[in-house]
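> Model the following, please.
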Amino acid sequence: MPLPSVSYLVPVLNEAVRLPAAVGAILAQEYDGPQEVVIAVAPSTDGTADAAARLAARDPRVRVVENPHTDIPVGLNVALAASSGEVVIRVDSHTELPAGYTAEVVAALERSGAANVGGVMKARGRTPFQRSVARAYNSGLGLGGGPHHAGTVEGPAETAYLGAFRRGPLLEVGAWDETLKRGEDYELNQRLLAAGHAVWLLPHVDVTYWPREGWAPLARQMYATGVWRGELVRRQGRTAGRYLAAPALVAGLAASAAVAVTGLDRRRPLPFALAHLAPAAYAAFLGHAARSMGAESPRDRLRDAAVLTVIQTTWGVGFVKGVVGGAGTTVDSSRLRRR
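Modelled structure (predicted):
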C-alpha cells in the first residue's frame, strides 16, 4: 500500500534565525510518501518572510502562506487550509524533528488507529542559561511532569507534544481554536478525546525543543502560558491536580509577604508565623531540585534554582489571573520582537 501523503504545518513569527534549522530537519526526513511543508508567516520584523521565501525557492516541497495575525492557532489553520496531506504534522520553529520521526508517527497512526500521535519534548540548550531552562523542562520539576514532558509508556494519553494528525478527525473537530493564544494543542486534543478519538503517546520519540534564551523572554512566555491555562480552566470547569502547584506556591509566598509587611507575625506569632512555612518549604524544594537536575557546578545549580523560580512563579501568577479574570488579550510577548 502507498504511504499516506504528509503536510507539515509551520507557523512562524520573528523566527528568521531558527526557521532554517526547523525546516531543514523536516526536509531531511526519510519518508517515501509525498511530502509538503507549509510555512505560515505572521507579520514579522526580523526578516522571517525573506527567510521563508528563500527556503521555498530552494525546495519545491516548501510553500509559504500569509498569516495575517500573530496568533499560532490562526497560522496553523491557514497552513492547514493550504495543505492537502492525509497526515498533518504540526511543527514549531523552536523544534527540530529527529531522524525517522515522520515514518515513526505515521506507522503509529496506522497501528493505533488514533487521531493524533506525538512524542516527548526534549529540551536542549546552547548557552548556560538555555541549558538551565532545558534541565528544568526535562526534569519535570519546572513544568509539572505532564506526559508530553515525562511520559514513559506508549499508549493513550491526554495530550502529546506537537502531533501528527489524521486530516479527517482534525477537520471534524474544527482544527485549532483561534480564540486561544496559548494552550491550543492541549485544548485540541481534549476535543479529539471528547469526540471519541484517541490521542497516542510515543515516549521513545524525542523532539528537540530550544527554550527561550533570556530571563525576560522566559518570564513573559511562562506568564502567558499560565494565563491561558487558567482561561482553559474557566472554560472547561476542570483541571489536572499538577496545575495547582504553582498557583498554590504563589498564594503561599504572597501570604508570607503580606504577614511580614503588616507585622502580624510579630504581634501574634501563632497562627500568622505559620505563613512563613511556604517560603521555607519552597527554599528547601529549590535546594533539592538544584541538586537533582544534573548540573555539576555550584553556579549552574544556583542558576537552575533561579530558573525554576521564574518558571513557577510567573506561571502561577498567570494562572491565577486567567482563572479569576480570564485571559483577555494576553499574548506571549516573548515572540514579539522588541524595538
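> The helix or strand containing Val120 pairs with which strands, parallel or anti?
Val120 belongs to strand 116-123 when assigned by DSSP states H and E. Strand 116-123 pairs in its sheet with strand 161-166 (antiparallel), strand 199-209 (parallel), by DSSP bridges.
> and among those strands, the most buried is which?
The highest average neighbour count among those, using mean count of other Cβ atoms under 10 Å, belongs to strand 161-166 at a mean of 25. For every residue, glycine as well, the C-beta is placed using N, CA and C.
> pLDDT of that strand, averaged?
The pLDDT scores in strand 161-166 average 94.
> Residues touching that strand, excluding its own?
Outside of strand 161-166, the residues within contact range by Cβ atoms under 8 Å, 6 or more residues apart in numbering are 86-92, 95, 102, 105-106, 108-109, 115-121, 148-149, 185, 189, 199, 207.
> next one: it to chain centre, how far?
Distance, stretch centre to chain centre, for strand 161-166: 13 Å (Cα atoms, centre = their mean, to the nearest Å).
> For the remainder of this discussion, apply numbering that starts at 388.
Noted, 388 is the first residue going forward, which turns the last one into strand 548-553.
> Could you look up the next helix or strand downstream of that strand?
Next along the chain from strand 548-553, counting by DSSP H and E, comes helix 554-559.
> Buried residues, whichever helix or strand comes after that next one. List them.
Next along the chain after helix 554-559, taking DSSP H and E as the criterion, comes helix 571-581. For helix 571-581, the neighbour count (16 or more other Cβ atoms under 10 Å) marks Glu571, Asp572, Tyr573, Glu574, Leu575, Asn576, Gln577, Arg578, Leu579, Leu580 as buried.
> now stretch 717-726
Thr717, Val718, Asp719, Ser721, Arg722.
> for stretch 392-404, same thing?
Going by neighbour count (16+ other Cβ under 10 Å), the buried part of stretch 392-404 is Ser392, Val393, Ser394, Tyr395, Leu396, Val397, Pro398, Val399, Leu400, Asn401, Glu402, Ala403.
> For the last one, give me its contacts.
So that's Ala403. Counting by Cβ under 8 Å, 6+ apart, Ala403 makes contact with Ser431, Asp433, Gly434, Thr435, Asp437, Ala438.
> Give me the buried entries from those residues.
By neighbour count, with 16+ other Cβ under 10 Å, the contacts of Ala403 hold Ser431, Thr435, Ala438 as buried.
> which SS class is the first one?
Secondary structure state of Ser431, per DSSP: H, G, I helix; E, B strand; the rest coil, is coil.
> if I look at it, how far off is Leu723?
From Ser431 across to Leu723, the span is 10 Å (Cβ to Cβ, to the nearest Å).
> what sits in contact with each of the two?
Overlap between the neighbourhoods of Ser431 and Leu723 consists of Leu400, Asn401, taking contacts as Cβ under 8 Å, 6+ apart.
> Setting the sequence-adjacent residues aside, check what's closest to Val425.
Distances taken as Cβ to Cβ, 6 or more residues apart in numbering put Ala466 closest to Val425, at 4.2 Å, once the chain neighbours are dropped.
> Kindly report the same for Arg518.
Leaving aside its chain neighbours, Arg518 sits nearest to Gly512 (3.5 Å; criterion: Cβ to Cβ, 6+ apart).
> The closest residue in space to Gln623 that isn't next to it in sequence and Val474, how far apart?
Distance criterion Cβ to Cβ, 6+ apart; nearest residue to Gln623, sequence neighbours excluded, is Gln577 at 7.3 Å. According to Cβ to Cβ, Gln577 stands 21 Å off from Val474.
> How about Ala415?
18 Å.
> Please say which of the two ends up with more neighbours.
Val474 (24 against 12; other Cβ atoms under 10 Å).
> Surely that one and Arg554 touch.
Yes: assessed by Cβ atoms under 8 Å, Val474 is found in contact with Arg554 at 7.0 Å.
> Please enumerate the helices of the stretch 388-537 of the chain.
Remark: helices assigned in the stretch 388-537 of the chain by DSSP state H, counting those that start in this stretch are 406-414, 435-445, 459-468, 488-499, 515-526, 534-537.
> Which stretch among the ones you listed approaches Ser643 most closely?
Closest to Ser643 of those is helix 515-526 (Cβ to Cβ; 23.2 Å).
> Distance from the closest one to the middle of the chain?
Its chain's C-alpha centre and that of helix 515-526 lie 14 Å apart, by Cα atoms, centre = their mean.
> what's the answer for stretch 636-651, then?
In terms of Cα atoms, centre = their mean, the centre of stretch 636-651 is found 31 Å from the chain centre.
> Export it to PDB, keeping only CA atoms.
Extracted in PDB, the C-alpha atoms of stretch 636-651 (Å, rounded to 0.1, in the frame of the first residue of the first chain):
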ATOM      1  CA  LEU A 636       3.100  28.400  45.700                       C
ATOM      2  CA  VAL A 637       2.200  32.000  44.600                       C
ATOM      3  CA  ALA A 638      -0.600  32.100  47.200                       C
ATOM      4  CA  GLY A 639       1.700  30.900  49.900                       C
ATOM      5  CA  LEU A 640       4.500  33.400  49.000                       C
ATOM      6  CA  ALA A 641       2.000  36.200  48.800                       C
ATOM      7  CA  ALA A 642       0.500  35.300  52.200                       C
ATOM      8  CA  SER A 643       4.000  35.200  53.800                       C
ATOM      9  CA  ALA A 644       4.900  38.600  52.300                       C
ATOM     10  CA  ALA A 645       1.600  40.200  53.500                       C
ATOM     11  CA  VAL A 646       2.100  38.900  57.000                       C
ATOM     12  CA  ALA A 647       5.700  40.200  57.100                       C
ATOM     13  CA  VAL A 648       4.700  43.600  55.800                       C
ATOM     14  CA  THR A 649       1.800  44.100  58.200                       C
ATOM     15  CA  GLY A 650       3.800  42.700  61.200                       C
ATOM     16  CA  LEU A 651       1.100  40.200  62.100                       C
END
